[in-house]
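[1] Build me a structure from this.
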Amino acid sequence: MAPMTAASQAASSSSSATLFDLLKQGVSRREIESHLDGLAIRERLEQVLAVAGKDVGRLYDAVEGAPTIALEDIAPKSEKGTVILEGRNSLPGPVSRFQKRFQWVGDVLTGYNHQWVSPLTGPGYFVVEAAPGTGAHPTELFFDYTVTPPAAPAGWPPYKSNDRGVSKLVYGGMIDTCRRVATGVLVGKAYKHGKAEGAYFTLTAAR
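    Numbering: from 1, shown residues only. Coordinates of the predicted model:
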């Protein structure tokens with residue numbers, strides 16, 4: 001067998017790199033997108049979920065200028081049931097894993113947070129707002145926790161205001177801005193009352 005050349009070694013190293021590796025290398029947004037789009041769904045999910053802590057914020061910064069996400073990229077209107085995206089936030093420990101669940105209520109894409117601490121924090125209902133096209137986040141979707149959804153879809157937890165009790169501490173005044181990473185993957189940043197919280201999260205389709 002012929003020895004590997006420097007070029008073939010580099011290619012082999014690149015092909016085996018994970019999303020975490022690419023972030024450490026400081027690659028471009030397009031390289032991250034191409035890498036994730038080339039993976040099987042399960043492997044893509046595993047690699048995105050492996051990015052944790054401050055590296056979630058690093059991913060958000062790395063994909064600045066990404067194309068606009070359409071509402072139907074998250075949940076097609078033809079999808080009549082609940083769409084589940086697997087989440088990882090930048091918090092430490094077991095509270096870092098969660099799901100955001102989405103469903104159309106009429107013409108409003110509605111969501112809530114599903115996690116083991118939900119009995120304490122509440123479901124954290126929000127509505128998804130299309131990219132505004134102007135301002136500080138022209139191409140980013142907003143998850144707006146300050147807007148009351150028109151209804152809670154059947155089978156979802158009862159609606160609870162984000163302005164009361166523990167829910168207010170967690171979700172009160174919150175708006176997340178979301179950037180596209182790759183097919184079925186986005187990354188978000190949390191703001192409260194217009195101020196960045198230093199908190200980030202990823203969402204990834206599992207199917």
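
[2] Let me see the residues that make contact with stretch 116-128.
    With CB atoms under 8 Å, 6 or more residues apart in numbering as the contact definition, stretch 116-128 has outside contacts at 71, 74, 94-95, 102, 108-114, 141-145, 147-149, 152, 156-157, 159-160, 162, 165-167, 170-171, 174, 176. Backbone N, C-alpha and C define where each C-beta goes, glycine included.

[3] just the strands in the protein please.
    Ranges of strands within the chain are 83-89, 97-105, 108-114, 126-129, 141-144, 174-182, 185-192, 195-205, based on DSSP state E.

[4] Show me what the third one is packed against.
    With contacts defined as 3 or more CB pairs under 8 Å, 6 or more residues apart in numbering; DSSP states H and E, strand 108-114 has these neighbours: strand 97-105, strand 126-129.

[5] The last one now?
    Under the contact criterion of 3+ CB pairs under 8 Å, 6+ apart, the helices and strands touching strand 195-205 comprise helix 41-49, helix 54-62, strand 83-89, strand 174-182, strand 185-192.

[6] the inter-axis angle of the fourth one versus strand 185-192?
    Between the axes of strand 174-182 and strand 185-192, defined by axes from the mean of the first three to the mean of the last three CA atoms, to 10 degrees, the angle is 160 degrees.

[7] Strand partners (parallel or antiparallel) of strand 174-182?
    Its sheet considered, strand 174-182 pairs with strand 141-144 (antiparallel), strand 185-192 (antiparallel) by DSSP bridges.

[8] Quick check: closest non-adjacent residue to Leu91.
    Ala199 (7.0 Å; CB to CB, 6 or more residues apart in numbering).

[9] show me the contacts for that neighbour.
    89-91, 189-190.

[10] between these, which is closest to Glu43?
    Distances from Glu43 to the contacts of Ala199, taken as CB to CB, are shortest for Asn89 (21.2 Å).

[11] Let me know how buried that closest one is, in neighbour terms.
    The local packing of Asn89 (other CB atoms under 10 Å) involves 20 other residues.

[12] mind checking pLDDT for the residue lying closest to it once chain neighbours are set aside?
    With CB to CB, 6+ apart as the criterion, Asn89 has its nearest non-adjacent residue at 4.0 Å, and that residue is Phe201. pLDDT, Phe201: 98.

[13] Kindly report the same for Ser13.
    Confidence for Ser13, expressed as pLDDT, is 43.

[14] Please apply the same query to the one 10 residues further on.
    If you check Leu23, the pLDDT there is 97.

[15] So it sits against Val63, correct?
    No - taking CB atoms under 8 Å as the definition, Leu23 is not a contact partner of Val63, at 10.4 Å.

[16] Throw the helices and strands packed on strand 108-114 into CSV and include mean neighbour count, thanks.
    Conversion of the helices and strands packed on strand 108-114 to CSV gives the following (neighbours: other CB atoms under 10 Å):
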stretch, mean neighbour count
strand 97-105, 19
strand 126-129, 21
